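[1] I need the structure of the sequence given here:
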Amino acid sequence: MKRLRPVSRAQRSIAATLALVALAGCVGISYQEPGQPIVPHAGNTLVSGRLRFFHDGREFFPWKADVAVFPVANTERHVWLLRLGQRAVSAELHPDQDGSLAIWLATGDYALVGSTEAMGAGTAAFDVVAFFRVPAATAAMYAGDLIFRTESHEGGHWSYGEFGKVSIDMPPVELARATLEQKFGVLPERFVLSPWCASDHLPGFNNPELATRAREILDRGCPAA
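    Reported below is the predicted structural model:
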């Protein structure tokens, strides 16, 4: 049986998360660990990508144990998946220390939602930071690097909001595959690129048309929203 990565913080907070957003269900996540054989999951796709954070040009790692040494306040970053349409949420995601992520997910459209606060008493607010699509009949996909940049300015505030200015770095499919196979071993033959979709104008988490707008944006190939 495949080992699941410990998610103790998420397990403590998931009840509050569900109560806060009144969701219909939970998005199940199984992590693919480096060095473990890639065994197909019926009805699921191996989704890979990376989350990167920069402040004043310097990269920091919210999931790294020594993040406290980064000499800037407010470096907490917490992310979840919201399955669109069904309004089902995942436990908090736990990328590797460098922000890379490899998880098994069902086909469908998703939003990556984030907060600078852990979900404890149900007080943290979600921001929609990206959309992505898991195509049908695909064994593995790569979403690329989702990059967040913030800058200091007068008064101690951060420009572009708490998660920052968002951009996508998507390598050619051959390079993406080779990079992943160095870490995980041979990938399934059916491998595609399905990039993150982000802009400064994504519909908000509480927008009643969030799922509809996300589908329209993804259907158009994610032009500027």
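[2] what's the nearest residue to L51 if we skip its chain neighbours?
    Setting aside the residues directly before and after it, L51 is nearest to G99 in space (CB to CB, 6 or more residues apart in numbering), at 4.3 Å. For glycine as for every other residue, the C-beta is placed from the backbone atoms N, C-alpha and C.
[3] what's around that neighbour, how many residues?
    For G99, the count of nearby residues is 21 (other CB atoms under 10 Å).
[4] repeat for E174
    E174 has 8 neighbours, counted by other CB under 10 Å.
[5] same deal with P34?
    Number of residues near P34 (other CB under 10 Å) recorded here: 11.
[6] Give the closest residue to it in space, chain neighbours not counted.
    K183 is the one closest to P34 (CB to CB, 6+ apart), at 5.1 Å.
[7] Tell me which helix or strand comes right after whatever helix or strand that neighbour lives in.
    Element membership for K183 (DSSP states H and E) is helix 173-184. Counting by DSSP H and E, the next helix or strand C-terminal to helix 173-184 is strand 191-193.
[8] helix or strand right after that next one?
    helix 210-219.
[9] Kindly export that following helix (C-alpha atoms) in CSV.
    C-alpha atoms of helix 210-219 as CSV (Å, rounded to 0.1, in the frame of the first residue of the first chain):
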residue,chain,number,x,y,z
LEU,A,210,-16.5,30.9,-9.5
ALA,A,211,-16.9,27.4,-11.0
THR,A,212,-18.5,28.8,-14.2
ARG,A,213,-15.9,31.5,-14.7
ALA,A,214,-13.1,29.1,-14.0
ARG,A,215,-14.4,26.7,-16.6
GLU,A,216,-14.7,29.5,-19.2
ILE,A,217,-11.2,30.7,-18.5
LEU,A,218,-9.7,27.2,-18.7
ASP,A,219,-11.7,26.4,-21.9
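[10] what's next to that helix, contact-wise?
    Applying CB atoms under 8 Å, 6 or more residues apart in numbering, the external contacts of helix 210-219 come out as 84-85, 87, 109, 111, 128, 131-133, 197, 202-204, 207, 223, 225.
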